[in-house]
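A.B. asks: below is the structure, and that's it, no one-letter string:
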């Protein structure tokens, strides 16, 4: 028993020594290319307004070794919708993807990329009344003052006409840099 305990205590030391042995190549980070950093402007803790009224708060953080972003939204006021998204750059396709789920039962699957100074993701989903599909397009635009504009639009005619679903302004919460 004493031998087993000694061996268990020694394993972390041996593993650490093996990892730091001179000449041992250090594996490169898998998500180190500039494409993986295109959405980093959105990382942080935010107060969100729409039409100069509080809309909610949003917390976006890098996860999984910087390979993905996780968003946690909380809508303002009683009954405010909460939601979470996972965002990742897919090196195989050269596109960004977002999977959004929320407390109203909405699932939104979007993909796209950097276009003209904005991250623009889009995707189709059935409309709530069951009568066809809508094309959703969300753009996030970083502004020089550090704020971010999020514009969410939907089209029921393949993008010929758009209806604004949400036009929000993200400002960093005090203490978030």
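C.D. replies: The structure has been received and is ready for your questions. Keep in mind the model is a prediction, meaning the values are calculated, not measured. Numbering: from 1, shown residues only.
A.B. asks: and the closest residue to residue 108 other than its chain neighbours, which of the three is it?
C.D. replies: When the adjacent residues along the chain are set aside, residue 108 lies closest to residue 100, with 4.1 Å between them (CB to CB, 6 or more residues apart in numbering). In short, each C-beta sits where N, CA and C put it, glycine included. Look at residue 100: counting by DSSP: H, G, I helix; E, B strand; the rest coil, its state is strand.
A.B. asks: dump the residue contacts of residue 100.
C.D. replies: Residue 100 is in contact with 71, 83, 84, 85, 106, 107, 108, 109, 110, counting by CB atoms under 8 Å, 6 or more residues apart in numbering.
A.B. asks: gap between it and residue 152?
C.D. replies: When CB to CB, to the nearest Å is the yardstick, residue 100 and residue 152 sit 10 Å from each other.
A.B. asks: next: residue 177.
C.D. replies: Counting by CB to CB, the gap between residue 177 and residue 152 amounts to 27 Å.
A.B. asks: those two: which has the busier surroundings?
C.D. replies: Set side by side, residue 177 and residue 152 show unequal neighbour counts under other CB atoms under 10 Å, the larger going to residue 152 at 16 against 5.
A.B. asks: what's the pLDDT at that one?
C.D. replies: Looking at residue 152, its pLDDT is 98.
A.B. asks: how about residue 79?
C.D. replies: Per-residue confidence (pLDDT) for residue 79: 89.
A.B. asks: can you tell me the element it falls in?
C.D. replies: When secondary structure is defined using DSSP states H and E, no element contains residue 79, which sits outside every helix and strand.
A.B. asks: surely residue 90 touches residue 112?
C.D. replies: No: with contacts counted by CB atoms under 8 Å, residue 90 stays clear of residue 112, the gap being 11.2 Å.
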